[in-house]
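# coords please:
(one chain, ligands or ions: 1)
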Amino acid sequence: MLIDTHAHIDDEKFESDRDEVVARAKEAGLIKIINMGDSIASSRRAIALTEKYDIVYAGVGVHPEMIGEVQESDYALMAELAEKHDKVVAIGEIGLDYHYTKDNSEIQKNVFIRQLDVARQLNLPVSIHDRDAHGDLMTILKREGQGIRGTIHCYSGSAEMAKDLLKMGWYLGVDGPLTFKNAAKLPEVIATIPLERLLLETDCPYLAPVPKRGTRNEPAYVSYVAQKVAEIRGMSVTEISEITTQNALDLFGLN
Ligand code: NI
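Presented below is the predicted three-dimensional model:
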C-alpha cells in the first residue's frame with residue numbers, strides 16, 4: 001500500500017491517458033493520490049479529478065511561479081473550494097521559488113503567507129514548495145508557521161535544516177531526485193530522519209525516478225522512491241510503505 005502525496009495528474013501531459021495512469025497506480029498498490037493545484041484553474045481541475053477517481057484527493061493552492069495571476073479574492077475562493085469539497089485535504093502547492101528570479105521575492109513571500117493563513121483558518125495541512133529559498137522559508141515558518149502542519153515537498157535542504165523542520169513538527173516529502181546519481185546530500189538526510197516524518201511522492205509529471213528518469217513521471221512510480229528509501233534504510237519495501245502510508249493518512253486526515 002502506497003500513497004503519492006504530491007502529484008499533478010491534472011497536467012495536460014495526462015490528457016490522453018489519465019484513466020490508464022490511474023489504473024496503473026492502483027495496480028502498483030497505490031491507495032491514494034493527492035493532486036496538488038498550482039493555480040486556481042489547476043486547483044479546480046484537481047477537484048474535478050477527485051469526483052472522477054475514487055483514489056484521487058486534492059490540494060488547492062497557487063504555486064510561486066504562478067502568482068502573477070493571483071487576485072485578492074482568490075484567498076477567499078481557495079477557502080470556499082476547500083470547504084465545499086470533502087476531498088480537498090491540503091492547501092498546496094504553495095511556497096517560494098527563487099531559482100529563476102528573486103526579483104519578486106516580496107510578492108512571493110506575501111502570497112505564501114496569505115495561503116498559510118488560509119490553511120490555518122481551515123485547519124488543513126500544507127504542501128510547501130521550496131526551491132533555492134531555504135533561508136526565507138525557515139524565517140517564514142518560524143514566524144508564521146504556528147498552528148500549521150504540513151510537508152516540505154521534494155525536500156532539498158541540508159541535514160541541519162531537516163533537523164530544525166522536524167523539531168517544528170514538519171514532514172519531509174521525497175521523490176525522484178533521491179534516486180538520481182547526483183542526489184548529493186539527500187540520501188544522507190533520508191538515512192537519518194525519523195521515518196514517522198517521511199512522506200513519499202512523485203511530483204509527476206516531473207522528476208521521474210530512476211529507472212524511469214527522463215520520461216513522464218506518474219503516480220505508480222512512487223514505488224521506485226519507496227525502494228530507494230528501503231535500500232538507504234536497510235529495511236523492506238513493505239515496511240517503508242506501511243510507515244509512510246500511515247504518515248500520509250495521519251497528516252492529511254485520511255483513513
Ligand atoms: Ni509539485
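
# what packs against the helix or strand where Ile91 lies?
Secondary structure from DSSP states H and E places Ile91 in strand 88-97. Applying 3 or more CB pairs under 8 Å, 6 or more residues apart in numbering; DSSP states H and E, one finds that strand 88-97 makes contact with strand 30-36, strand 56-60, helix 73-84, helix 105-122, strand 126-131, helix 134-144. Every residue, glycine included, has its C-beta placed from N, CA and C.

# That one pairs with which strands?
Strand 88-97 sits in its sheet next to strand 56-60 (parallel), strand 126-131 (parallel), going by DSSP bridges.

# Would you point to the one among those that's packed deepest?
Of all the strands paired with strand 88-97, strand 56-60 carries the top mean neighbour count, a mean of 29, counting by mean count of other CB atoms under 10 Å.

# hey, C-alpha coordinates of that one in PDB?
Coordinates of the C-alpha atoms in strand 56-60 are reproduced here as PDB (Å, rounded to 0.1, in the frame of the first residue of the first chain):
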ATOM      1  CA  VAL A  56      -7.700  10.900  -6.000                       C
ATOM      2  CA  TYR A  57      -7.700  13.700  -3.400                       C
ATOM      3  CA  ALA A  58      -6.900  17.400  -4.000                       C
ATOM      4  CA  GLY A  59      -4.900  20.300  -2.700                       C
ATOM      5  CA  VAL A  60      -5.800  23.800  -3.600                       C
END
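
# what angle separates that strand from helix 105-122?
If you take axes from the mean of the first three to the mean of the last three CA atoms, to 10 degrees, strand 56-60 sits at 120 degrees to helix 105-122.

# Deepest in the core, which of the helices and strands packed on strand 88-97 is it.
Across the helices and strands packed on strand 88-97, averaging neighbours per residue (mean count of other CB under 10 Å) puts strand 56-60 on top, at a mean of 29.

# can you list the residues of the stretch 51-200 of the chain near the ion?
Applying CB under 5 Å from the ion, one finds that the stretch 51-200 of the chain approaches the ion through Glu93.

# and if we set it to 8 Å?
When proximity is defined as CB under 8 Å from the ion, the stretch 51-200 of the chain approaches the ion at His63, Glu93, Ser127, His129, His153, Cys154.

# For the third one, give me its contacts.
Translated: Ser127. Residues in contact with Ser127, defined by CB atoms under 8 Å, 6 or more residues apart in numbering, are 5-6, 34, 36, 59, 61, 90-94, 150-151, 153, 173.

# Neighbour count says what about these? Which are buried?
By neighbour count, with 16 or more other CB atoms under 10 Å, the contacts of Ser127 hold 5-6, 34, 36, 59, 61, 90-94, 150-151, 153, 173 as buried.

# wait, which of the contacts of Ser127 is closest to Ile243?
Thr5 (13.2 Å; CB to CB).

# Not counting its neighbours along the chain, what's nearest the residue in the stretch 1-150 of the chain that the ion sits nearest to?
Distance from the ion to each residue of the stretch 1-150 of the chain (CB to the ion) is smallest for Glu93, at 4.8 Å. Nearest non-adjacent residue to Glu93, counting by CB to CB, 6 or more residues apart in numbering: Met36, 4.1 Å away.
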